[in-house]
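Undergrad: Need coordinates for the below:
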Amino acid sequence: MTLLWLVVLLSLGWVGFAYLGYPLVLLAVRAVSPLRVARADEFPPLSVIIAVHNGAGELAAKLEGTLALDYPGELEILVTSDGSTDDTVAVAEGFAERGVVVVSSPERGGKEAAQARAIARAKGEVLVFTDVGSNLEAGALRAIVRPFADPTVGSVSSQDQVDSAEGEGAYVRFEMALRRLENEATTLVGLSGSFFAVRRSQADPWPVDLASDFRNALESARRGLRAVAEPDARAHFKATSDPAAEWRRKVRTVRRGLAVLSAYRDLLHPRYGRAALSLWGHKVARFTSPFALVALFVASGLGAAQSPWLAALFAAQLVGYGLGLAALAVPAVAELRLARLAMFFLIVNASMLVAWGHHLRGERAVTWSPTRR
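TA: Here you go, the predicted structure:
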């Protein structure tokens with residue numbers, strides 16, 4: 001029983017740190033030694049890069065929206081097709097007379113390979129990356145470049161807005177709140193893949209086998225710079241309504257995240273100070289918390305017959321996981337807010353375990369199929 005209680009307490013502590021303890025640490029750091037970002041209305045030449053794979057159905061609306069954005073500086077828009085087999089290239093070429101540059105490859109090399117091809121053609125001092133499925137607010141480009149007036153800033157992330165109160169929407173709001181704390185206490189250790197910007201100098205090199213949103217935040221830290229969030233650079237997108245699509249997206253995202261974390265594991269050393277703190281608290285704790293959840297479930301289950309406290313804890317887990325499974329199996333149950341939250345929590349943590357299996361077997365996720373929302 002002593003061993004079981006030790007496992008339970010350690011597991012609860014680890015999961016608690018990942019979701020509650022780390023934000024509290026950020027609050028303490030911010031209170032003692034807050035960080036500031038020097039923003040200014042400076043408008044350097046900008047290159048907006050849209051990587052697409054089979055996105056013909058959404059691309060025209062995305063380009064119309066991008067062309068309509070308010071940016072007083074020099075602006076170019078590049079569409080880079082990654083082995084699209086639909087009309088993506090034809091749709092993009094239809095905007096060539098309006099200045100849109102089309103870069104196309106008949107073979108699929110992955111999102112980062114497509115971005116790299118566009119970077120080779122881009123002329124801007126700041127590179128902005130945005131997905132077909134994200135809708136940018138009118139002043140989003142003006143906003144996302146403002147933090148680059150601060151020479152300590154290497155990359156900037158947007159503020160994501162999801163049209164859902166539960167599930168993915170709740171998760172995104174939690175992430176955005178965490179980023180706001182990191183903005184004022186440490187540095188971001190992940191950028192929004194749907195909309196982010198980097199200095200041109202940071203784009204050399206551009207590894208095609210590592211997730212560019214996560215990697216660029218860590219690349220900024222490795223170069224002694226900060227990755228920050230700009231609250232006025234807002235991108236809107238729809239929540240994923242298909243649990244199967246959400247599952248595939250999460251597995252792919254975590255697989256790619258683990259590859260980046262492995263490549264930048266030197267940043268976990270205490271010499272990187274606040275960046276190391278955020279990498280441990282935001283990524284390592286989150287990526288490993290499913291193992292703590294499994295240990296908690298097993299240990300409390302084994303001790304339930306001998307301890308009413310462990311029995312209650314085990315029962316609570318059974319109810320939570322059962323509610324999540326019921327939401328997956330019965331659409332009517334998924335309409336309940338608590339059930340949808342339980343389902344999303346289950347998908348997130350189970351997908352991490354599957355992603356770890358791929359990672360430990362040396363399987364990398366390079367190509368991508370964008371989630372249709």
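Undergrad: now the stretch 51-200 of the chain, which segments are flagged as low pLDDT?
TA: Within the stretch 51-200 of the chain, the ranges that satisfy pLDDT under 70 run 163-169.
Undergrad: go again using 50 as the cut-off
TA: For the stretch 51-200 of the chain, applying pLDDT under 50 flags no range at all.
Undergrad: What ranges does it have for its helices?
TA: Assigned by DSSP state H, counting those that start in this stretch, the stretch 51-200 of the chain shows helices spanning 56-67, 88-93, 111-121, 140-145, 168-185.
Undergrad: Export the ones you listed as a markdown table, with columns for mean neighbour count.
TA: Where you see a C-beta, it was placed from the backbone N, CA and C, and this is true even at glycine. Formatted as a markdown table, the helices of the stretch 51-200 of the chain follow (neighbours: other Cβ atoms under 10 Å):
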| stretch | mean neighbour count |
| --- | --- |
| helix 56-67 | 17 |
| helix 88-93 | 20 |
| helix 111-121 | 21 |
| helix 140-145 | 24 |
| helix 168-185 | 19 |
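Undergrad: which one of the ones you listed lies closest to L12?
TA: Among those, helix 168-185 comes nearest to L12, with 19.1 Å by Cβ to Cβ.
Undergrad: follow-up on the earlier one: adding distance to R234, write the helices of the stretch 51-200 of the chain out as JSON lines.
TA: Listed next are the helices of the stretch 51-200 of the chain as JSON lines, based on distance: least, Cβ to Cβ, whole Å:
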{"stretch": "helix 56-67", "distance to R234": "13"}
{"stretch": "helix 88-93", "distance to R234": "25"}
{"stretch": "helix 111-121", "distance to R234": "22"}
{"stretch": "helix 140-145", "distance to R234": "6"}
{"stretch": "helix 168-185", "distance to R234": "10"}
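Undergrad: which one of the ones you listed lies closest to Q202?
TA: Among the helices of the stretch 51-200 of the chain, the nearest to Q202 by Cβ to Cβ is helix 111-121 (10.8 Å).
Undergrad: Who are the packing partners of the closest one?
TA: When contacts are defined as 3 or more Cβ pairs under 8 Å, 6 or more residues apart in numbering; DSSP states H and E, helix 111-121 packs onto strand 46-52, strand 75-82, strand 100-105, helix 212-222.
Undergrad: Between those, which one is closest to D232.
TA: Closest to D232 of the helices and strands packed on helix 111-121, according to Cβ to Cβ: strand 46-52, at 15.9 Å.
Undergrad: Apart from its chain neighbours, what residue comes closest to V8?
TA: Take V8 and drop its neighbours on the chain: the residue closest to it by Cβ to Cβ, 6 or more residues apart in numbering is A299, 4.9 Å away.
Undergrad: Can you list the buried residues in the helix or strand where that neighbour lies?
TA: A299 is part of helix 285-303 when elements are defined by DSSP states H and E. Across helix 285-303, burial judged by 16 or more other Cβ atoms under 10 Å covers 285-287, 289-293, 295-297, 299-303.
Undergrad: Can you tell me the number of residues neighbouring the residue nearest to S289 when sequence neighbours are not counted?
TA: Closest residue to S289 apart from its sequence neighbours, by Cβ to Cβ, 6+ apart: A18 at 4.5 Å. Counted with other Cβ atoms under 10 Å, the neighbours of A18 add up to 21.
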